[in-house]
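> here is the input, now give the coordinates:
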Amino acid sequence: MRQLRVLALVNENLVPPDSMEGKSEREIDEWKTEFDVITTLKELGHQVEVLGLSDDLSPIRNAIHKSKPHIAFNLLEEFHGVVTYDHAIVSYLELMRQPYTGCNPRGLMISKDKALTKKILSYHRIPSPRFAVFPVGRKVVRPKKLPFPIFVKSVIDDASLGISQASVVYDDRELAERVAFVHEHTMADALAEEFIEGRELYVGVIGNDRLQTFPVWELLFTKSDIPLIATRKVKWDRNYQEKLGVVTDLAQNLEPQVEKQIGRICKKVYNSLDMSGYARMDLRMRPDGRVYVLEANANPNLAFGEDFAESAEKSQLTYEDLLTKIVALGMRYRAPWKI
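Below is the predicted model:
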């Protein structure tokens, strides 16, 4: 790929330093994705301008007019501290006729709303756990068709915010208490879905029109037999990861036809939600082999060594190749202003 002018959009608190030298693991964890992406793009020969953002769009406009970037590499996950505003940033880039990486505004908006996602999956006959939404301020009345155990989480938040082992409930009292917890701590409606016992699987998908799926990845607890849940501590607490023996790696002992079925399902989800760029699908597989889609995550973690990049490498895409492909997809995406 030719050398490009790249505008890297990051949260103002996550602008990475030029080097990791002298930084603690905890400090590095905060901005590792930003550091890995920006450093690698520079090593590939691109001219990278890093722009930290919080609650003002004018710096984007100024940077576009001044630097005339070929592509904006979107690493933002929120704006004004609100996670559901990420699609608005991309909408603004489209209004500015600025090519960008990752998912389009429509796909971001739909996939971020977990309840809407599940309704769309149901319409397309894509298997997903039965669910109910409990709005803030409403009495919790469980539908009879929603059996225990039930998994409770925020309808919009990601990164496992508000998720712990207590998120799995076994009776109506526990359900009401957990819904109240989600309402209080996330300030969002609660999504209660049938808890699927079995394997936790992740599948990377990349592409705009022609889609590629990466090998199936799996979450494992090698030192514990507690329910397999990707809680916030499982994802971000190194000591807790060590205690449970948390491992994510290539899924083993999957029949070839099962892998193909999972790939087809993930591509169907991607298309049904009008996604583009790249995404990660979260699934559960029961012991009988039945697969259920839990979530579709647009613009997943791109840090080197994390699940998405590791699974891409199993598809013979080095980290450099992966970022190059993501940039190329952003350049080729046919936004409405290009039509």
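> how would you label residue 117: helix, strand or coil?
Secondary structure state of residue 117, per DSSP: H, G, I helix; E, B strand; the rest coil, is helix.
> which residues touch the strand or helix carrying residue 269?
Taking DSSP states H and E as the definition, residue 269 sits inside helix 256-272. Applying Cβ atoms under 8 Å, 6 or more residues apart in numbering, the external contacts of helix 256-272 come out as 120-121, 123-124, 126-127, 201, 203, 205, 207, 211, 213, 215-216, 254, 279, 281, 283, 289, 291, 293, 296. Glycine gets a C-beta too; all of them are placed from N, C-alpha and C.
> and the buried ones among the residues you listed, selectable in ChimeraX?
Filtering the contacts of helix 256-272 down to the buried ones (16 or more other Cβ atoms under 10 Å) takes a single ChimeraX command:
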select :120,121,126,201,203,205,207,211,213,215,216,254,279,281,283,291,293,296
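> next step: the contacts of helix 256-272 restricted to strands.
Cross-referencing the contacts of helix 256-272 against strands under DSSP state E gives 201, 203, 205, 213, 279, 281, 283, 291, 293, 296.
> low-scoring stretches of the stretch 101-250 of the chain, by residue?
158-162 (pLDDT under 70).
> which parts of it are strands?
131-134, 150-154, 168-169, 190-194, 199-206, 212-213, 217-221, 246-250 (DSSP state E, counting those that start in this stretch).
> show me what the fourth one is packed up against.
Contacts of strand 190-194 with other secondary structure elements, assessed using 3 or more Cβ pairs under 8 Å, 6 or more residues apart in numbering; DSSP states H and E, are made with helix 114-123, strand 131-134, strand 150-154, helix 172-186.
> try 10 Å
helix 114-123, strand 131-134, strand 150-154, helix 172-186, strand 291-298 (3 or more Cβ pairs under 10 Å, 6 or more residues apart in numbering; DSSP states H and E).
> CSV please, covering these and showing distance to residue 143.
Below are those laid out as CSV (distance: least, Cβ to Cβ, whole Å):
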stretch, distance to residue 143
helix 114-123, 14
strand 131-134, 5
strand 150-154, 11
helix 172-186, 11
strand 291-298, 18
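> which among these is found nearest to residue 314?
With Cβ to Cβ, the closest approach to residue 314 among the helices and strands packed on strand 190-194 belongs to strand 291-298: 18.8 Å.
> so for the closest one, what's the average pLDDT?
The average pLDDT within strand 291-298 is 96.
> closest one to residue 93 among the helices and strands packed on strand 190-194?
The nearest among the helices and strands packed on strand 190-194, by Cβ to Cβ, is strand 291-298 at 14.6 Å.
> give me the sheet partners of the closest one and which way each runs.
Strand pairing for strand 291-298, determined by DSSP bridges: strand 278-285 (antiparallel).
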